[in-house]
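Novice: Prediction below, plus the sequence it came from.
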Amino acid sequence: MLTESQLRNRARIYLYLIGAGLFFILALQNARYGLYGLFYAGLLLLPLLISGAVYAWQKRSELDAYKGHVVILTAAQCIILWQFLSGQAEVIHWSYALALLSFLLLSQSLALLYNVVSLLILGLSSLIIQSFFESVNFFVSYALLIGMAGLYAWLYHHKSRFLREITIKDPLTGAYNLRHLEFTLRQEIARSAAVGHPLSLVVINIDYFAQISEMHGLNSINELLAETGQLLLKETRAGDSLYHGRGSIFYLLLPFTPEEGLLVIAERLRRAIEDYKWKLGDPITASVGCLTREPDESDELALLKRLENALQQAQTAGGNRVVFSKP
């Protein structure tokens, strides 16, 4: 399955190639009508847009690789400005296509900055070349275009973020779900291997959860899980992330955390659960398993298996304790 960054960069590649095709057709049409200045401008844009597709392919695994796109769009705008100042007034309308393209290639803030600067430069240039009425007409139409495109991009961004949140988060506990754990763990293992920083994991399971469930019923259990999720989220440091697995199992992913710090955190979490005043009224304890990734460990499923073995050891030993897994 493709990641979000791979999907977005694939879309960027297609956009560049479609843009190159359209400008090529536009260049041929201008050549037919004897507008050779616009013909050459269209040909100059072709390698620029094709290089954009190549850049998007090279950065296909990076979601925030915007620098190259900014350079390409700026160069394209400079070609349009050069032709406009050379007397080809019609070429200014090509900037509308770049304005729309910028919102599809860049972040919202970068696209807005790019278009505001473009509007100011092109608007002032229009006052030099064209009449006041034509300049105002261009300025207003360009401003309306980037305003509508920016609004649509903002709505799309917030809607996609909301949809992403509900697909990766457990609504009951507020923690991320197990599927997102496997995806994030794979990324963190790769980053840990590349940078060399320690990566640690914690798994927490409420002791005697099945008996508590039989005694108190489903509604009370859901309330217990929600309380547990909120308690663990409160105890989670910035940079760490919490995940809810099956039943009462919670996972904590701790980048940049060595074994010594891991044991302190795991014990603090165990004690926080033991000391918490639960709405059920009964004392609640938890078994905790933890580990620190070894340099030769690259399989996320094998790492989770070793973590769950540590949890089983803690439960077998009577629960309410922390067990560190040694490879």
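Specialist: Structure received.
Novice: switch to C-alpha atoms for all contacts and neighbour counts from now on
Specialist: Fine.
Novice: Leaving out the residues flanking it, which one is nearest to Gly229?
Specialist: Thr173 (4.5 Å; Cα to Cα, 6 or more residues apart in numbering).
Novice: For that neighbour, what are phi and psi?
Specialist: Phi and psi for Thr173, reported as degrees, to the nearest 10, are phi -100, psi -20.
Novice: Please apply the same query to Tyr66.
Specialist: phi -100, psi -20.
Novice: residues touching the spatially closest residue to it that is not a sequence neighbour, list them.
Specialist: Nearest residue to Tyr66 in three dimensions, chain neighbours excluded: Leu106, at 6.0 Å (Cα to Cα, 6+ apart). By Cα atoms under 8 Å, 6 or more residues apart in numbering, the contact set of Leu106 is 66, 69-70.
Novice: Low-confidence ranges, the protein, go.
Specialist: 1-5, 61, 63 (pLDDT under 70).
Novice: Please parse it into its domains.
Specialist: 4-168, 176-324 (automatic domain parsing).
Novice: Quote the end-to-end distance of the shortest one.
Specialist: Which is domain 176-324. Domain 176-324 stretches 23 Å from its first residue to its last (Cα to Cα, to the nearest Å).
Novice: same check, this time on stretch 194-213
Specialist: Stretch 194-213: ends 44 Å apart by Cα to Cα.
Novice: Torsion angles phi and psi at Tyr243?
Specialist: phi -130, psi 140.
Novice: Ok, Ser241 next?
Specialist: phi -140, psi 140.
Novice: Look up which residues are beta-bridged to it.
Specialist: Beta-bridge partners for Ser241, by DSSP bridges, are Leu253.
Novice: gap between it and Gly68?
Specialist: 32 Å.
Novice: Ok, Asp299 next?
Specialist: Plainly put, Asp299 is 33 Å away from Gly68 if you go by Cα to Cα.
Novice: list the buried ones in stretch 295-311?
Specialist: In terms of neighbour count (16 or more other Cα atoms under 10 Å), stretch 295-311 has its buried residues at 298, 300, 303-304, 306-311.
Novice: Contacts for stretch 66-73, please.
Specialist: Contacts for stretch 66-73 (Cα under 8 Å, 6+ apart): 48-49, 52, 55, 98, 102, 105-107, 114.
Novice: What residues sit buried inside that stretch?
Specialist: 69-70, 72-73.
Novice: Stretch 73-92 now?
Specialist: 73, 76-77, 79-81, 83-85, 88-89, 91-92.
Novice: Could you do stretch 236-245 as well?
Specialist: 236, 241-245.
Novice: Rebuild the buried residues of stretch 295-311 as TSV, extending it with distance to Gly229 and secondary structure.
Specialist: Shown next, in TSV, are the buried residues of stretch 295-311 (distance: Cα to Cα, whole Å; DSSP: H, G, I helix; E, B strand; the rest coil):
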residue	distance to Gly229	secondary structure
Ser298	28	coil
Glu300	23	helix
Leu303	23	helix
Leu304	20	helix
Arg306	23	helix
Leu307	20	helix
Glu308	19	helix
Asn309	22	helix
Ala310	21	helix
Leu311	18	helix
